[in-house]
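Visitor: Generate coordinates for the sequence data below:
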Amino acid sequence: MPTIVALGEMLIDFAPVAADAAGYPTLKAQPGGAPCNFLAALQKYGCSTAMIGKVGDDRFGRLLVKTAADCGIETRGIIKDAAAFTTMAFVTLDAEGNREFSFARKPGADTCLTEHEVDYSLINACRVFHFGTLSLTDDPARTATQKAVAYAKARGKLISFDPNLRKLLWPDDDAAATQMEWGLHQADIVKISDEEVDFLWHTTPAAAAQKLLREYGVRLVYVTMGPRGCYFANHSGSGTTACPTGIHVYVAEIVENGLNNVKDNGGNLTSQIELVNRIVSTIMTETKEADFDTLSVAERAEQLLALFDKKNNVLALDERAEIIRPETSIAQSSLFTGAIHEPQMFTELKK
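Guide: Numbers count the residues shown, from 1 in each chain. Presented below is the predicted three-dimensional model:
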């Protein structure tokens, strides 16, 4: 059963890949929706997750459900509605490279979820319930979200909230602020951006985090700050983690895309391991540093294959083996995802 359940939007993001001389962009369709993106990331950390929401019973909607399922997300809580189109978001860039959004959502299927369509059995089984503000913009999804949050809180679930401000989806700023404030007052865990902090309170990330801890009853806060990283705080302390920078981030994206391409073309984990080892070998040859040979995946292949065969279940490892934990800035800052061998969120929040 899922450890973490999210309710909210699933949509198609159309992102620019080029533009003609007149400025008309060529757009690439990609799966989107902050709550489902959140679950997809957690799946990579070994968590079990489930999604509650609504898509259109159309090509894009069916594709989104399949993509979520391929990520390991439980999809039985996702409704397909033949009477509404799957929501679409169009992302373009201004002259400075900043993102601008426009939406095809009048209405979009995500706003049409009713309280009677919510799969409450998924909430019964979870430990953490996550939601954002996009499901609060319009009824009936707003009422469905409010009922689901109340249901989860009454059963002692941890409530996670992401304000995820998109001004174009609200009639005015006051309406957005009202629903953001409501969500913040429900939450145990908040992920909020510095832009959203400025929108609500015109203050600093550190001051906003302390405000949420002291006045709203929040127990764990993350304030993302774009290229400046992330400020985090609970009642025991606070800190900042840096945002990854430099060409290595770009190279990592290339490698990830390459590994995904191997999988999409029918390759298995062994094929992906072989590609990684060829990359390591090339670096060793070009740099003439023999130490790079120790980075070969070959020595850990049996463990990786065991993890793969059991859907990344860390219990597939030999009992004497060291538990593998993702080495990222977020993991080192203790993002408590609920994986059974990670620091437990309940324990940390009590500190």
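Visitor: so where do the strands sit in this protein?
Guide: With DSSP state E as the criterion, the chain has strands at 4-7, 11-19, 25-32, 49-56, 74-81, 88-93, 99-104, 128-132, 158-162, 189-193, 220-224, 230-234, 237-241.
Visitor: Compile these into a markdown table and extend it with columns for distance to Leu200, mean pLDDT and mean neighbour count.
Guide: Bear in mind the C-beta positions are built from the backbone N, C-alpha and C, glycine included. As requested, the strands of the chain are arranged in a markdown table below (distance: least, C-beta to C-beta, whole Å; pLDDT from 0 to 100; neighbours: other C-beta atoms under 10 Å):
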| stretch | distance to Leu200 | mean pLDDT | mean neighbour count |
| --- | --- | --- | --- |
| strand 4-7 | 22 | 96 | 28 |
| strand 11-19 | 24 | 86 | 16 |
| strand 25-32 | 24 | 88 | 15 |
| strand 49-56 | 25 | 96 | 28 |
| strand 74-81 | 30 | 96 | 19 |
| strand 88-93 | 23 | 85 | 18 |
| strand 99-104 | 19 | 82 | 12 |
| strand 128-132 | 15 | 96 | 26 |
| strand 158-162 | 13 | 96 | 23 |
| strand 189-193 | 8 | 95 | 23 |
| strand 220-224 | 12 | 95 | 23 |
| strand 230-234 | 15 | 93 | 21 |
| strand 237-241 | 19 | 91 | 13 |
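Visitor: could I get those strands as a markdown table with distance to Lys211?
Guide: Formatted as a markdown table, the strands of the chain follow (distance: least, C-beta to C-beta, whole Å):
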| stretch | distance to Lys211 |
| --- | --- |
| strand 4-7 | 25 |
| strand 11-19 | 31 |
| strand 25-32 | 30 |
| strand 49-56 | 30 |
| strand 74-81 | 33 |
| strand 88-93 | 30 |
| strand 99-104 | 27 |
| strand 128-132 | 20 |
| strand 158-162 | 15 |
| strand 189-193 | 11 |
| strand 220-224 | 9 |
| strand 230-234 | 11 |
| strand 237-241 | 13 |
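Visitor: So for Ser271, which of the ones you listed sits nearest?
Guide: Closest to Ser271 of those is strand 25-32 (C-beta to C-beta; 24.0 Å).
Visitor: In the sheet, which strands lie alongside that closest one, parallel or antiparallel?
Guide: Take DSSP bridges as the rule and strand 25-32 pairs in its sheet with strand 11-19 (antiparallel).
Visitor: Please report phi then psi for Pro2.
Guide: phi -70, psi 140 (degrees, to the nearest 10).
Visitor: from memory His235 sits against Leu213, does it?
Guide: Yes. Here His235 reaches Leu213: they are 6.1 Å apart, a contact under C-beta atoms under 8 Å.
Visitor: between the two, what contacts are shared?
Guide: Residues touching both His235 and Leu213 (C-beta atoms under 8 Å, 6 or more residues apart in numbering): Arg219.
Visitor: Of the two, give the one with the bigger neighbour count.
Guide: The neighbour comparison of His235 against Leu213 (other C-beta atoms under 10 Å) goes to Leu213, with 18 against 13.
Visitor: First-to-last residue distance for stretch 116-123?
Guide: Length of stretch 116-123, first residue to last, C-alpha to C-alpha, to the nearest Å: 14 Å.
Visitor: tell me the contacts of the nearest residue to Phe103 once chain neighbours are set aside?
Guide: Of all residues not flanking Phe103 in the chain, Ala89 sits nearest, at 5.3 Å (C-beta to C-beta, 6 or more residues apart in numbering). Residues in contact with Ala89, defined by C-beta under 8 Å, 6+ apart, are 11-14, 32, 101-105.
Visitor: repeat that for 6 Å
Guide: 11, 13, 101, 103 (C-beta atoms under 6 Å, 6 or more residues apart in numbering).
Visitor: again, but for Ala69
Guide: Ala69 is in contact with Thr75, counting by C-beta under 6 Å, 6+ apart.
Visitor: cool, and the one 10 residues further on?
Guide: Contact partners of Ile79, counting by C-beta under 6 Å, 6+ apart, are 54, 117.
Visitor: do the same with the one 5 residues further on
Guide: With C-beta under 6 Å, 6+ apart as the criterion, the residues that contact Ala84 are 56, 109, 112.
Visitor: Let me know the closest of the residues you listed to Ala152.
Guide: Cys112 (21.2 Å).
Visitor: low-confidence ranges in the stretch 251-351 of the chain?
Guide: 290-351 (pLDDT under 70).
Visitor: same thing but at 80, please
Guide: Residue ranges of the stretch 251-351 of the chain with pLDDT under 80: 251-253, 257, 263-264, 267-270, 287-351.
Visitor: what is Cys230 paired to in the beta sheet?
Guide: Thr224, Thr241.
Visitor: Use 22 as the first number for this chain going forward.
Guide: In the new count, where the first residue is 22, that last one comes out as Cys251.
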